[in-house]
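Undergrad: What follows is a protein structure lacking sequence information:
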């Protein structure tokens, strides 16, 4: 079964600093990987996805992630943090890699932005 | 742009009662997914439907059932409610199998007392 592990339940950065949220995956098939963001009492919003092709994927709000097969990683980065980035971030993997698969989420990382 | 609609947004039920949650996907989307998110937890996949057929099944309790109708909306039926069923229930939709972009609704907050 596919799974993801997010390193760090809380990450704190200063406004304007680099954001790095870590995600490692385990998958028996080529993984389809996602990052979602969740603001308090709201649904999840897709930031970006990796399915095939280019390993560096760009998403919304200035975020990007790089798929590294050798490291089984899919870390999320943003060059300069903004106060509005404070939220819960979830890494996810498609359960079986096919069809209308559900997603398996990591435990989430709470991003705190210090002024 | 139109988003996923879920109703009701809040629901309070007592133990052993039943509840029905509804999900209206984004127009033209033919695939729906249901997730359960407990307090401070990550979302857990319950079940998905593509073209009104069950497509994938996760950790959905036997007390729960779901279906997708001809207009693609979906309903999650929950019976014999337990305190542990209190959670946020999200519906997501996508266009076709294999697009891998799930768009989430705002959720239904179910409280079981």
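TA: Received it, and whenever you're ready, just let me know what you need. The structure displayed is predicted, hence computed values, not measured ones. Numbers count the residues shown, from 1 in each chain, chains lettered A, B, ... in the order given.

Undergrad: Check which element follows the helix or strand of chain B with the lowest mean pLDDT along the chain.
TA: Lowest on mean pLDDT, DSSP states H and E among the helices and strands of chain B sits strand B:53-57, with a mean of 91. The helix or strand immediately downstream of strand B:53-57 is strand B:64-68, counting by DSSP states H and E.

Undergrad: so residue B:30 makes contact with residue B:96?
TA: Yes: using C-beta atoms under 8 Å, residue B:30 is in contact with residue B:96, at 6.4 Å. Any C-beta I mention is one placed from the backbone N, CA and C, and that applies to glycine too.

Undergrad: Determine the residues that are contacts of both of these two.
TA: residue B:50 (C-beta atoms under 8 Å, 6 or more residues apart in numbering or on different chains).

Undergrad: start to end distance for stretch B:59-68?
TA: Length of stretch B:59-68, first residue to last, C-alpha to C-alpha, to the nearest Å: 18 Å.

Undergrad: Which residues does that stretch contact?
TA: By C-beta under 8 Å, 6+ apart, stretch B:59-68 touches B:32, B:34, B:44-47, B:49, B:51-53, B:74-81.

Undergrad: Tell me which stretches of chain A form strands.
TA: Using DSSP state E, the strands assigned to chain A run over residues A:3-7, A:10-14, A:19-26, A:33-38, A:44-50, A:56-58, A:64-68, A:73-78, A:87-94, A:103-105, A:109-114.

Undergrad: Can I get the ones you listed in a markdown table including mean pLDDT?
TA: Formatted as a markdown table, those follow (pLDDT from 0 to 100):
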| stretch | mean pLDDT |
| --- | --- |
| strand A:3-7 | 94 |
| strand A:10-14 | 97 |
| strand A:19-26 | 97 |
| strand A:33-38 | 95 |
| strand A:44-50 | 94 |
| strand A:56-58 | 96 |
| strand A:64-68 | 96 |
| strand A:73-78 | 98 |
| strand A:87-94 | 94 |
| strand A:103-105 | 93 |
| strand A:109-114 | 97 |
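
Undergrad: For those, give me a markdown table that also has distance to chain B.
TA: Shown next, in a markdown table, are those (distance: least, C-beta to the nearest C-beta, whole Å):
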| stretch | distance to chain B |
| --- | --- |
| strand A:3-7 | 9 |
| strand A:10-14 | 12 |
| strand A:19-26 | 12 |
| strand A:33-38 | 8 |
| strand A:44-50 | 4 |
| strand A:56-58 | 12 |
| strand A:64-68 | 14 |
| strand A:73-78 | 14 |
| strand A:87-94 | 6 |
| strand A:103-105 | 4 |
| strand A:109-114 | 10 |
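
Undergrad: Neighbours of the closest residue in space to residue B:83 that isn't next to it in sequence, how many?
TA: Nearest non-adjacent residue to residue B:83, counting by C-beta to C-beta, 6 or more residues apart in numbering or on different chains: residue B:112, 5.3 Å away. Look at residue B:112: counted by other C-beta atoms under 10 Å in any protein chain shown, it has 19 neighbours.

Undergrad: Could you measure from residue B:112 over to chain A?
TA: According to C-beta to the nearest C-beta, to the nearest Å, residue B:112 and chain A sit 19 Å apart.

Undergrad: Show me what that residue bridges to in the sheet.
TA: residue B:13 (DSSP bridges).
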